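Asks: make a model of this:
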Amino acid sequence: MIDAHHHVWDLSVRDQDWIAGPALAPLRRNFGVEDLPAAPAGVTATVLVQTITVPEETPEFLALAEAHDLIAAVVGWTDLTTPSVADDLAALRGAPGGWYLRGIRHQVQGEADPRWLCRDDVRRGLAAVERAGLVYELLTLPHQLPAAIETVTALPGLGFVIDHCAKPPVASGELEPWATLIRELAARPNVTCKLSGLVTEADWDTWTAEDLRPYADVVLEAFGPRRVMFGSDWPVCLLAAPYGTVLESARTLTAHLSESERDEVFGGVATRVYGIA
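Replies: Residues are numbered from 1 along each chain as shown. As a prediction, the model looks like this:
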């Protein structure tokens, strides 16, 4: 079983400035690989994903992967807009633990320009990610999905992974226009989707698996089980649920699938997308 999306951070190394305000106070402490309750949950491998847009974090994550058998792949960050992006990616691949680098991510959700992904400099950076043999993870909000659709269409040779189902408005119960846009993305064969992050888009205090089901059903129907992978989004998920509850909710939402299809969601897809041995 593979958890395809988790984070770690050490506030003594650098601040995570996005952890601000009383609502996020439970996250304002250190979270290390050893704190992830993977073994009790039956998780045997994970994908460690970037948390902040600083160049120092990715080499640190690669070193962590080299030191911890649990981490099978790393999704890091580099500045896509810099002319040196190809050299920067090559340097990461050549760093200690560089073999574990499997993808690049940028917090597009924080960009004010809804068409940030369509900028010429960003597209050049994404082309460099493709040439490096890496995937690109899309962390977007629903209103940024039209630009994402244009981008994945323009770069059919680059594998894209949608993080957190593109953050649908679970708390409000609305499906559109998110559902239509997700189906458009799913029509592109170079895109996969993480079944992750839904609990923190729901009401943190009152959510149930049935609140998440309409969104999970759209994703599973649109992409099919061979293009959907489970991710916990630990420790961010702790705002709404402990690790075991997040995993159990994903099992509930996929209970209607066949055993082989569930095997895909909980390991097979991540193995292929991230080249996990």
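Asks: only C-alpha atoms from now on, for both contacts and neighbour counts.
Replies: Noted.
Asks: which residues in the stretch 101-250 of the chain form strands?
Replies: 101-106, 135-138, 160-162, 191-195, 228-230 (DSSP state E, counting those that start in this stretch).
Asks: residues in contact with the second one?
Replies: Around strand 135-138, the neighbours that count as contacts under CA atoms under 8 Å, 6 or more residues apart in numbering are 75, 102-108, 126, 129, 148, 158-163, 166, 273-274.
Asks: so which of the strands of the stretch 101-250 of the chain is the most packed in?
Replies: strand 228-230 (a mean of 29; mean count of other CA atoms under 10 Å).
Asks: which elements pack onto that one?
Replies: Of the remaining helices and strands, those touching strand 228-230 by 3 or more CA pairs under 8 Å, 6 or more residues apart in numbering; DSSP states H and E are strand 2-6, strand 191-195, helix 269-274.
Asks: show me what the last one is packed up against.
Replies: Which is helix 269-274. Counting by 3+ CA pairs under 8 Å, 6+ apart, helix 269-274 packs on strand 2-6, strand 228-230.
Asks: so which of those strands is nearest D87?
Replies: strand 2-6 (26.3 Å; CA to CA).
Asks: tell me the angle that closest one makes with strand 191-195.
Replies: 90 degrees (axes from the mean of the first three to the mean of the last three CA atoms, to 10 degrees).
Asks: what helix or strand is A91 on?
Replies: Assigned by DSSP states H and E, A91 falls within helix 85-94.
Asks: show me what counts as buried in that helix.
Replies: Neighbour-count burial for helix 85-94, with 16 or more other CA atoms under 10 Å as criterion, is recorded at V85, A86, D88, L89, L92, R93.
Asks: list just the nearest of those residues to Q50.
Replies: L92 (13.7 Å).
Asks: for the residue nearest to the closest one when sequence neighbours are not counted, grab phi and psi.
Replies: Taking CA to CA, 6 or more residues apart in numbering as the measure, L92 lies nearest to G98, with 5.7 Å between them; neighbours along the chain are not counted. Backbone torsions for G98, taken as degrees, to the nearest 10, come to phi -60, psi -20.
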